[in-house]
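> My questions concern the predicted model and sequence given below.
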Number of protein chains: 2
Amino acid sequence: MSLQTARALVAEDLAAVEEKMTRAVGNVSYALLADALQGLIRSGGKRVRPMLTLLAGRFYPPPQHRHLISLAASIESLHTATLVHDDVVDGALLRRGQSTLNAQWTPASTIMAGDFFFARAAGLVAETEHARVIRLFAKALQIIVDGELRQAFSVRDWGQPKQNYYDRIYGKTAALLELATQSPAVLGEAPAEHEEALRRFGYNLGMAFQIIDDILDFVADAETLGKPAGSDLRAGIITLPVYYYIQQAERRDAIVSLIDGHRTGDEVVDEVVQLIRSSDAIPQAHAEARSFSEKAIAELTALPAGPHRQALADIARYVVEREF
Amino acid sequence: MSLQTARALVAEDLAAVEEKMTRAVGNVSYALLADALQGLIRSGGKRVRPMLTLLAGRFYPPPQHRHLISLAASIESLHTATLVHDDVVDGALLRRGQSTLNAQWTPASTIMAGDFFFARAAGLVAETEHARVIRLFAKALQIIVDGELRQAFSVRDWGQPKQNYYDRIYGKTAALLELATQSPAVLGEAPAEHEEALRRFGYNLGMAFQIIDDILDFVADAETLGKPAGSDLRAGIITLPVYYYIQQAERRDAIVSLIDGHRTGDEVVDEVVQLIRSSDAIPQAHAEARSFSEKAIAELTALPAGPHRQALADIARYVVEREF
């Protein structure tokens, strides 16, 4: 399973989204800065979000196709903005194997670059001229920020309930994927039940996506990850594999004393990563991701059959099978 | 001249704006964080922006009064967001005599708090459900961010043209004041020439406002400023008093060698602040601020006479007469 078929279905529109994102940066007065911002756009990963928006927009095409392109570019710009700010927040120095802006620039420049993409995302969503789409965008942005705050306030809270993890990954990933699949339906005036099916598809896909990301942070090697394994744990962020691992009291005590105790440093985390990686916590988390992916696929039955529905199902399967 | 009369005219609405801003924070799950965010709102200065929006909204009241309240709260939230991020960008430790979030929190928390107010501002402007108002909001946000970038890229550029300073203070202050006075006219479907007069009023007022701020940074004492004098110069930011001062070649050479040379540190800047403070650069900059204020007042003649027009003129006079 790969994203090839899905991508091919919307290739032309994806190119238009890319061009729209790139053109915005062209207006920036400073060549050095424009280059850096273009670099951020180019390093933009697999473009899963615009792909979802464009595919979801095929069921009930909006009156003006260019509004769909603006919407997809807006969502990807918002994604870029949060990635850039997360680099400061998490102190990440590597992302996708490339050094982050934060590693090259001052925190101040990184904040401004993130704000640039926030502003651009707001400008692009305003181009849709659709009040409800704009409200959904603003709501997603609030959920995303709330997730960041929630994460900051639950660092090293070893006793937190699983719901806290769910709330955090809703903000981190699922809220934007939900927006990506619901808002094109809103723009196309889809029937309420189809809009709701697409929203739930995006939500469940997003939850699966983030759980797999959190698993890969333990099981993938540093080269594939483009950063050291266990980077969330290093920052004290408790993801689903950690949650499952510490459900056994003796394991929790061991981890807490290792990480909160006197022995800190990279080697300690490496040791804990090995423990979790070879434990039953990984298959437990994986089963949960598959369950979210299946829920996502089940939602699609409400929608008209055809290549676009098939492509969305492919993406939901891809997300839990991927190894990077 | 004070803001008392203007404030009294819209006191009830101002209280509604305040309550709307405060209520948003009430939803934040973490008491510690909610307190900090409430503190940021409370330390919010003179509320010039919502006052302008509410007064400008009296000429052509929008169909739904609550949209005007949301708009004013949105603009003030955006202002708060940029202040919070500026604290990281400028490395400011004191603002309005209070220690900034940055001084108490980590940069990451400060970024998140700023993002919180960005998200809130987007949510509030979306409540107006007015596509053009939302587009103007997004455009202002882009101008603000562009101004930040422009400032970062022109630090210690002693030969920059005056236009660069204008562009920067447009982003820093005038773009938001322009939004504050224009967008209520858009919401109230005012005739195009009245909307344009209000826009220009806000623009010219904003330019005057920021020039005075930049003058006060040299002539006011540290206690009044709530921070050391010359703080912009310390960060290498060239404001209008500096620009005028260095128009004489020998003065420029002296400043450049003092600040860019080997002798750095607080005492050097203190020395330069004294030189500029007692020079003709201050009255030159002041004359320019007064000229912007007069242009603002002249725009008002296009609007229906009455207490609200009078109040706007009072604000434009206050802005150039104020001593803090």
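Received, thanks.

> dump the residue contacts of the closest residue to residue A:47 other than its chain neighbours.
Excluding its sequence neighbours, the residue lying closest to residue A:47 (CB to CB, 6 or more residues apart in numbering or on different chains) is residue A:14, at 6.2 Å. No exception for glycine: its C-beta is placed from N, CA and C like everyone else's. In this structure, residue A:14 makes contact with A:7, A:47, A:50, A:51, A:54, judged by CB atoms under 8 Å, 6 or more residues apart in numbering or on different chains.

> Same check on residue A:275?
By CB under 8 Å, 6+ apart, the contact set of residue A:275 is A:245, A:251, A:255.

> make it 10 Å
The neighbourhood of residue A:275, defined by CB atoms under 10 Å, 6 or more residues apart in numbering or on different chains, consists of A:218, A:245, A:251, A:254, A:255, A:258, A:281.

> do residue A:131 as well
By CB under 10 Å, 6+ apart, the contact set of residue A:131 is A:186, B:126, B:127, B:128, B:129, B:130, B:131, B:134.

> where's the closest residue to the last one other than its chain neighbours, which helix or strand?
Counting by CB to CB, 6+ apart, residue A:126 is the residue found nearest to residue B:134 once chain neighbours are left out, at 4.8 Å. Under the criterion of DSSP states H and E, residue A:126 resides in helix A:107-127.

> which helices and strands does that helix pack with?
On a contact count with 3 or more CB pairs under 10 Å, 6 or more residues apart in numbering or on different chains; DSSP states H and E, helix A:107-127 meets helix A:11-26, helix A:31-42, helix A:65-90, helix A:101-104, helix A:131-153, helix B:65-90, helix B:107-127, helix B:131-153.

> Going by mean pLDDT, which of those comes out lowest?
Of all the helices and strands packed on helix A:107-127, mean pLDDT reaches its minimum on helix A:101-104 (a mean of 55).

> quick one: residue A:154 and residue A:235 touch, right?
No. Using CB atoms under 10 Å, residue A:154 and residue A:235 do not qualify as a contacting pair, with a distance of 11.6 Å.

> between those two, which one's more packed in?
Relative neighbour count places residue A:154 above the other of residue A:154 and residue A:235, with 18 against 15, counting by other CB atoms under 10 Å in any protein chain shown.

> For the more buried one, give me its contacts.
By CB under 10 Å, 6+ apart, the residues touching residue A:154 are A:160, A:164, A:165, A:167, A:168, A:236, A:237, A:238, B:30.

> Near chain B, which residues of the stretch 151-300 of chain A? Just list them.
Neighbours of chain B within the stretch 151-300 of chain A, by CB under 10 Å from any CB of the partner chain: A:151, A:152, A:153, A:154, A:164, A:167.

> and the gap between the third one and residue A:168?
Spelled out, it's residue A:153. Going from residue A:153 to residue A:168 by CB to CB, to the nearest Å gives 10 Å.

> What degree of burial does the residue nearest to residue B:134 show, as a neighbour count?
27.

> Give me the below-cutoff pLDDT ranges for the stretch 151-300 of chain A.
A:261-265 (pLDDT under 70).

> where's the nearest residue to residue A:148 once chain neighbours are set aside relative to residue A:81, distance?
Distances taken as CB to CB, 6+ apart put residue B:112 closest to residue A:148, at 5.1 Å, once the chain neighbours are dropped. For residue B:112, the distance to residue A:81 equals 13 Å [CB to CB].

> Tell me the gap between the lengthiest helix in chain A and the middle of its chain.
Counting by DSSP state H, the longest helix found in chain A is helix A:192-219. Here helix A:192-219 is found 9 Å from its chain centre; the criterion is CA atoms, centre = their mean, to the nearest Å.

> what about the strands in the stretch 151-300 of chain A?
Listed in chain order, the stretch 151-300 of chain A contains no strands at all (DSSP state E, counting those that start in this stretch).

> For it, give the residue positioned nearest to chain B.
residue A:153 (4.8 Å; CB to the nearest CB).

> Any idea how many residues pack against that residue?
The tally of other residues near residue A:153 (other CB under 10 Å) stands at 17.

> Thought residue B:32 was touching it, still the case?
Yes. Under the criterion of CB under 10 Å, residue A:153 makes contact with residue B:32 at 7.6 Å.

> follow-up on the earlier one: among the contacts of residue A:275, who's most crowded?
residue A:218 (26 neighbours).

> which residues touch it?
Neighbour list for residue A:218: A:225, A:229-230, A:232-233, A:239, A:241-242, A:245, A:272-279, A:281-282, A:285 [criterion: CB under 10 Å, 6+ apart].

> swap the cut-off to 8 Å and go again
Going by CB under 8 Å, 6+ apart, residue A:218 touches A:229, A:230, A:241, A:273, A:276, A:277, A:282.

> What strand or helix carries residue A:45?
According to DSSP H and E, residue A:45 maps onto no helix or strand at all.

> Now it: phi and psi?
Reported as degrees, to the nearest 10, the phi and psi values for residue A:45 are phi 70, psi -150.

> Compute the inter-axis angle for the longest helix of chain A and helix A:131-153.
Helix A:192-219 and helix A:131-153 are oriented at 30 degrees to each other (axes from the mean of the first three to the mean of the last three CA atoms, to 10 degrees).

> Please identify the buried residues of helix A:192-219?
A:194-195, A:197-219 (16 or more other CB atoms under 10 Å in any protein chain shown).

> try stretch A:129-149
Here stretch A:129-149 shows A:129-131, A:133-149 as buried, counting by 16+ other CB under 10 Å.
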